[in-house]
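[1] The amino acid sequence is not available; the structure is as follows:
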């Protein structure tokens, strides 16, 4: 069972995990109304293991047939409601539309398959045992839904995989005080040596205060008290304290990087005017800055060459859901063992605990969202809603350095010439910068970009080993800024009509994808080899072309793991290495300078 605290950046001590066995039912007849499913003491006809979807093995059901409507039921006990406290029922992610009932009454609902929501169940509690019922609707065929890699047309094929329906991340209970901290944002004012803290409270009165303490291990960097005059606080705190070794001038100091992942721990208390503490929260942040200049990406005001790997975030037993916390850690450790310093988390919003481990272990992340396939005002509004909640959840994670709202024109198939779709791409770029000015934004990763902070190019045309002419063409296309922008890798232009390169750093953000069958596993890749020796040789050949480029400022190799019919991973679907990972690291380490120019 997944039993770790699900929200590691906003931790309270009083919580209860509801993962594990739930009652479950398919509703193919769409009987709809709650009365058909809710009767006190009545059981649904199946059992499912939460937080795993019915389509996967770990759910205990393992049925891949499409069922658009499913129901869940869970009982738990509340012996006595604590005075001055409320009970929140948290869902970390439910795909796609969820309606939550508590003891037969509708208590809340949420639309969106990748972001968390909470329901205040306090008004619906009864004495003793409680009963939660959840109805989920997830259309398997609606191409205006942000579905990412979940296939809408039968069995998995090509680059699309098995669907996930319903609850797929943790469910938990949390007792919270009525006078409490609702949210906190940490923004590194890196050049000023300060961190900005934006806090939101609930039940706050004039004269209440917020106590904060910022620590590096046992060393206190800052502490103090701010008085609430309304339910928001916005203030900055000096964390450098006039000490040169806290900066990154001589040493890494307190700055966060993949090589030096320093996390500053934060204790927060809401206090009444008489000094009594009503709420206590543990959090953390990483002190870091990301920007572009001179055609390069900078981390903490120094040029930084990104060596990323594409990470789909699928597991053979759990699909979108990692089997346990150790599986999340293992993926990061595998990537780092091969010399990668980050990943592009592809077409999904990964659970918060993955980002926690990326923060802690030192691993860059490009945050992406599941995309619809077609363009319509519905898909636009759904996508915007998802992104507003993504940024709200993940803003404080230092590992995330780039947002990728659109990939390869998914959801905007006519963006090359269609002005409405171009407007949407620009809207996403400016919207994300409007709510988060601490990260870079890519308007359309792959091609047909509009306004963008990174020119992100996809190119798989390296060919087989014996196709020397094709390889030389590939190498030439990567060689300079001019050749990268001027020679589109396929039928799409690098920039959409009316847009052009404005000096943004150029990164090769999808390439490689060498197919290698292990243990008679059938599938496909962008090129193919038959042995571990050939695999390493072909990987080295492709990377030689990348490292010979004078125009690239980083890359994202496709991909970390095999996924279903795709056998183009560096490791298998069940995370077994296809070759000596140390040899991959040697190849990746051939280029290790953070060069300028």
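    Structure's in. What do you need? Please read these numbers as outputs of a predicted model, since none were measured by experiment.

[2] Going by C-alpha atoms from here, please, whenever you check contacts or count neighbours.
    Noted.

[3] Flag the shaky bits of this structure, pLDDT-wise.
    Within the chain, the segments meeting pLDDT under 70 span 31-41, 487-491, 519-520, 592-597.

[4] neighbours of the closest residue to residue 346 other than its chain neighbours, just the number please.
    Closest residue to residue 346 apart from its sequence neighbours, by C-alpha to C-alpha, 6 or more residues apart in numbering: residue 312 at 4.9 Å. By the measure other C-alpha atoms under 10 Å, the count of residues near residue 312 is 21.

[5] What ranges does the stretch 401-550 of the chain have for its strands?
    Applying DSSP state E, counting those that start in this stretch to the stretch 401-550 of the chain gives strands spanning 440-441, 455-458, 506-510, 514-516, 527-529.

[6] Mind checking the ones you listed for the one nearest to residue 469?
    strand 527-529 (15.2 Å; C-alpha to C-alpha).

[7] quick one: strands adjacent to the host helix or strand of residue 237?
    Residue 237 belongs to strand 232-238 when elements are defined using DSSP states H and E. Strand 232-238 pairs in its sheet with strand 194-202 (antiparallel), by DSSP bridges.

[8] Could you pull out the buried residues of the strand it pairs with?
    By neighbour count on 16 or more other C-alpha atoms under 10 Å, the buried set for strand 194-202 is 194, 195, 196, 197, 199, 200, 201.

[9] Mind checking what secondary structure residue 356 has?
    Each residue gets one of three states, and residue 356 gets helix by DSSP: H, G, I helix; E, B strand; the rest coil.

[10] ok, back up a step: residue 237: which of the strands of the stretch 401-550 of the chain is closest?
    Of all the strands of the stretch 401-550 of the chain, strand 440-441 sits nearest to residue 237, with 24.3 Å by C-alpha to C-alpha.

[11] Could you list the residues in contact with the closest one?
    290-291, 401-405, 429, 432-433, 452-454 (C-alpha atoms under 8 Å, 6 or more residues apart in numbering).

[12] Restricted to helices, list those.
    The helices, defined by DSSP state H, take in 429, 432, 433 from those.

[13] Now do the second one: how many residues are near it, please.
    With neighbours defined by other C-alpha under 10 Å, the count for residue 432 comes to 22.

[14] For it, list the residues it contacts.
    Counting by C-alpha under 8 Å, 6+ apart, residue 432 has contacts 403, 441.

[15] The closest residue to residue 197 other than its chain neighbours: which element?
    Excluding the flanking residues, the one nearest residue 197 by C-alpha to C-alpha, 6+ apart is residue 186, at 5.0 Å. In the assignment (DSSP H and E), residue 186 maps to strand 180-189.

[16] Start from the N-terminal end of the stretch 51-200 of the chain and give the strands.
    Remark: strands assigned in the stretch 51-200 of the chain by DSSP E, counting those that start in this stretch are 69-78, 85-91, 94-95, 97-102, 105-111, 117-120, 128-137, 166-167, 171-177, 180-189, 194-202.

[17] Give me whichever of these is most buried.
    Using mean count of other C-alpha atoms under 10 Å, the stretch among the strands of the stretch 51-200 of the chain with the largest mean neighbour count is strand 166-167, at a mean of 27.

[18] nearest to residue 516, of the buried residues of strand 194-202?
    Set against residue 516, the nearest of the buried residues of strand 194-202 by C-alpha to C-alpha is residue 195 (47.1 Å).

[19] That closest one pairs with what?
    When bridges are called by DSSP bridges, residue 195 pairs up with residue 188, residue 237.

[20] Run through the residues that contact residue 9.
    By C-alpha under 8 Å, 6+ apart, the residues touching residue 9 are 282, 283, 284, 356, 396.

[21] Assign residue 343 to helix, strand or coil.
    What three-state DSSP gives for residue 343 is strand.

[22] tell me the contacts of it?
    Counting by C-alpha under 8 Å, 6+ apart, residue 343 has contacts 308, 309, 310, 311, 363, 364, 365, 366, 556.

[23] Repeat that for residue 428.
    Contacts for residue 428 (C-alpha under 8 Å, 6+ apart) come out as 384, 405, 443.

[24] where does it sit relative to residue 404, distance-wise?
    In this view, residue 428 and residue 404 are 9 Å apart by C-alpha to C-alpha, to the nearest Å.

[25] returning to that earlier point: parallel or antiparallel, list what pairs with the very next helix or strand once past the strand holding residue 237.
    Later in the chain than strand 232-238, the nearest helix or strand by DSSP H and E is strand 256-257. Strand 256-257 pairs in its sheet with strand 260-261 (antiparallel), by DSSP bridges.

[26] any idea which helix or strand comes after the strand it pairs with?
    Scanning forward in sequence from strand 260-261 by DSSP H and E, the next helix or strand is strand 264-271.

[27] What angle do strand 180-189 and the helix or strand following that next one make with each other?
    Next helix or strand after strand 264-271 toward the C-terminus (DSSP H and E): strand 277-285. Strand 277-285 and strand 180-189 are oriented at 30 degrees to each other (axes from the mean of the first three to the mean of the last three C-alpha atoms, to 10 degrees).

[28] which other helices and strands contact strand 277-285?
    For strand 277-285, the elements it packs on are strand 171-177, strand 180-189, strand 264-271, judged by 3 or more C-alpha pairs under 8 Å, 6 or more residues apart in numbering; DSSP states H and E.

[29] Residue 321: which of those is closest?
    Closest among the helices and strands packed on strand 277-285, using C-alpha to C-alpha: strand 171-177, at 13.2 Å.
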